[in-house]
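Trainee: Just a sequence and a predicted model for now, questions to come.
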Amino acid sequence: SGHQAMAGVSVREIFIILTMMACDAQKTNYSIGAWIPGTTENMLSTLRPLFEDFLNEKVGNMQSPPVRFNLVPVDFTEETSSYAMIGAGKLDFLYTVAGKISCTVVEHGWAVISTRRVRIDGKDSGADGSVVYSLLSNPSIQNLTDLVDKKLGVGFILEVASYQSGYQLLAENKIYILKDVAQIVLYGNDYERQYQDVLSGKIDAGFLSSTWLAQHHPDFHDHVRVHREHRPSYERELFPFVTSTPLIPQYGLAVSELVNWRLKHEVARALQGLQPAHPAAVKAGVATFTGPATYAGVLTTQKAMKIIVSTEVGHSRCSNQWSVEEIW
């Protein structure tokens, strides 16, 4: 009976179901928070054709009444923290790097519905890695062990691809850079400035996303030395770009548990039907989207690197991406 079916449902689940039913009756605007390297303006111009124009045409206009998807910048400043915006109920979807996706799933109970694939120079992949690199003409850095006491450039703490994986690689070689905060230069969104600072000698080495490096500096081998360079396999595919570290999934799209299941499904289906030649895909630098990849490996790295920690009440939370000191 219906009473028996409800017996196995928790009070929290019942509350969520009722809240979704109430929200669905009136909600017609959905906010998609997004982050990519660079400026807010660059993110909006790059991703609006995909997450506004494309989704509004393929999904929003098909609803009754029609709904609208609006792109919102997140994590470009402390004031636009996705964590705070989710807590304030200002976001319905989140498109970002694997580390933030993992944190959002752990802390907020959101679900991943799609993972992107990127295409660069005719090659595409659903994975990413971290490139640990230094200036090719710098004779003082020939291998990883030479990075002890050197000035290192990194992005945000929560970025698994460009930061945590590289940090873990050094930790496995007994180089613990976070124990000396003065050794680190945080570049945040500005991957390009980090790369240029390595080339100019302002810093000794850096960590960057394999995908970003291949997209923006395909000739990087002429200028920098990649440490532990290799091309591993990922889900039975040979990774087409250089990496120093193990691989993790590309950017994911996560969704709040308050968004109704039908809309989640239609958004995921539209993105997974995206063709590489579509103008929105070309502008966004993606090939298409697949079903959700597993971010279990990301979570394992985050726990090992103390990015995700357990609280006294048995929950988990992510360290503040704006503070290196919090981890140590």
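Mentor: Done, it's in.
Trainee: Quick check, pLDDT for the most centrally placed residue in the chain.
Mentor: For the chain, Val97 is the residue whose C-alpha lies nearest the centre (CA atoms, centre = their mean; 0.4 Å). pLDDT for Val97: 92.
Trainee: Next: Glu13.
Mentor: 56.
Trainee: So which residues of the stretch 151-300 of the chain form strands?
Mentor: 152-154, 184-186, 205-209, 224-226, 233-234, 237-238, 248-249, 252-255, 288-290 (DSSP state E, counting those that start in this stretch).
Trainee: Can you give me the pLDDT of Lys27?
Mentor: For Lys27, pLDDT reads 90.
Trainee: er, Ala304 I mean
Mentor: Ala304 is given a pLDDT of 77.
Trainee: How about it, nearest residue that isn't a chain neighbour?
Mentor: Leaving aside its chain neighbours, Ala304 sits nearest to Gln168 (6.6 Å; criterion: CB to CB, 6 or more residues apart in numbering). For the C-beta atoms, the positions are set from N, CA and C on the backbone; glycine is no exception.
Trainee: which residues touch the one you found?
Mentor: By CB atoms under 8 Å, 6 or more residues apart in numbering, the residues touching Gln168 are 245, 301, 304-305.
Trainee: Phe220 too?
Mentor: Counting by CB under 8 Å, 6+ apart, Phe220 has contacts 133, 195, 213, 226.
Trainee: that older thread, just the buried ones from the contacts of Gln168?
Mentor: With burial judged by 16 or more other CB atoms under 10 Å, the buried subset of the contacts of Gln168 is 245, 301, 305.
Trainee: Give me the neighbour count for the closest residue to the first one other than its chain neighbours.
Mentor: Pointing back at Thr245 there. Distance criterion CB to CB, 6+ apart; nearest residue to Thr245, sequence neighbours excluded, is Ser165 at 3.9 Å. By other CB atoms under 10 Å, the residues close to Ser165 number 30.
Trainee: where does Ser165 land on pLDDT?
Mentor: Residue-level pLDDT assigned to Ser165 equals 84.
Trainee: follow-up on the earlier one: what would the strands of the stretch 151-300 of the chain look like in JSON lines with distance to Gly38?
Mentor: Written out in JSON lines, the entries for the strands of the stretch 151-300 of the chain read as follows (distance: least, CB to CB, whole Å):
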{"stretch": "strand 152-154", "distance to Gly38": "16"}
{"stretch": "strand 184-186", "distance to Gly38": "16"}
{"stretch": "strand 205-209", "distance to Gly38": "12"}
{"stretch": "strand 224-226", "distance to Gly38": "20"}
{"stretch": "strand 233-234", "distance to Gly38": "25"}
{"stretch": "strand 237-238", "distance to Gly38": "27"}
{"stretch": "strand 248-249", "distance to Gly38": "21"}
{"stretch": "strand 252-255", "distance to Gly38": "19"}
{"stretch": "strand 288-290", "distance to Gly38": "21"}
